[in-house]
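give the three-dimensional model of this entry:
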Amino acid sequence: MPQVIKKSEIEQYIGHVCEPTNWFEVTQEQVNEFAECTLDRQFIHIDPEAAAKTPFGGTIAHGFLTLSMLSYFSESYNLLIEGIYMGVNKGFDKVRFVAPVRVGSKIRCHATVLDISEKRPGQYDFKVEVSVEIEGGDKPALVAEWLSVQMAN
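Purely as a prediction, here's the structure:
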């Protein structure tokens, strides 16, 4: 459910800690489909038998698959500037893949708003610290600072 941020209240959202998202199970089918569309068919992702002989003990999701799941996760905490008509990715700072995501694992996202600023009239830059938690894990799958832009009337 989107949370609408009034333009006059932007400053109040800096430092806002969003509720963790729901858990999402990573399946072999998803990993295989990602491998096909990116042409990254390394055996540790798509060959369970060969991957079982590695230190991972089985197939793992691509780091970029985990990173791409942030778009899906953001729908859960969706912070939107009032009057938004478009939002786009700007990029990432400090992306790190900390721990592998084994196929069959469940992951979820934690997000904290680091900054929101109006760069031009109607253009709002967001910087959000994100981490993807692995259920039962002691380290996150990834940590990053996600940069995006929202255009509002």
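
can we go C-alpha only for contacts and neighbour counts from here?
Noted.

residues in contact with the top helix by length along the chain?
Ordering each helix of the chain by length in residues (DSSP state H) puts helix 63-77 first. The contact list for helix 63-77, computed with C-alpha atoms under 8 Å, 6 or more residues apart in numbering, reads 1-3, 18-19, 21-22, 31, 34, 97, 100-101, 108-109, 132, 141-142.

which residues are in contact with the lowest-mean-pLDDT helix or strand in the chain?
Ranking every helix and strand in the chain by mean pLDDT, DSSP states H and E puts strand 3-5 at the bottom, with a mean of 88. Residues from elsewhere that reach strand 3-5 (C-alpha under 8 Å, 6+ apart): 77-82.

now restrict the residues you listed to buried residues only.
With burial judged by 16 or more other C-alpha atoms under 10 Å, the buried subset of these is 77, 79-82.

pick the one among these closest to residue 113.
residue 79 (9.4 Å; C-alpha to C-alpha).

go ahead and confirm that closest one touches residue 2.
Yes - contact criterion C-alpha atoms under 8 Å: residue 79 and residue 2 qualify, at 5.9 Å.

on that earlier part again, so what strands line up beside the least confident helix or strand of the chain?
strand 79-81 (parallel) (DSSP bridges).

ok, residues contacting the partner strand?
2-7, 124, 150, 152.

ok, back up a step: any quick PyMOL command for the buried ones out of the contacts of helix 63-77?
Here is the PyMOL command that selects the buried residues among the contacts of helix 63-77 (16+ other C-alpha under 10 Å):
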select buried, resi 18+21+31+34+97+100+101+108+109+132+141+142
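
the contacts of helix 63-77 in helices, which ones?
Residues of those located in helices (DSSP H): 31, 34.

follow-up on the earlier one: please spell out which residues along the longest helix of the chain are buried.
Buried residues in helix 63-77 (16+ other C-alpha under 10 Å): 63, 65-67, 70, 73-74, 76-77.
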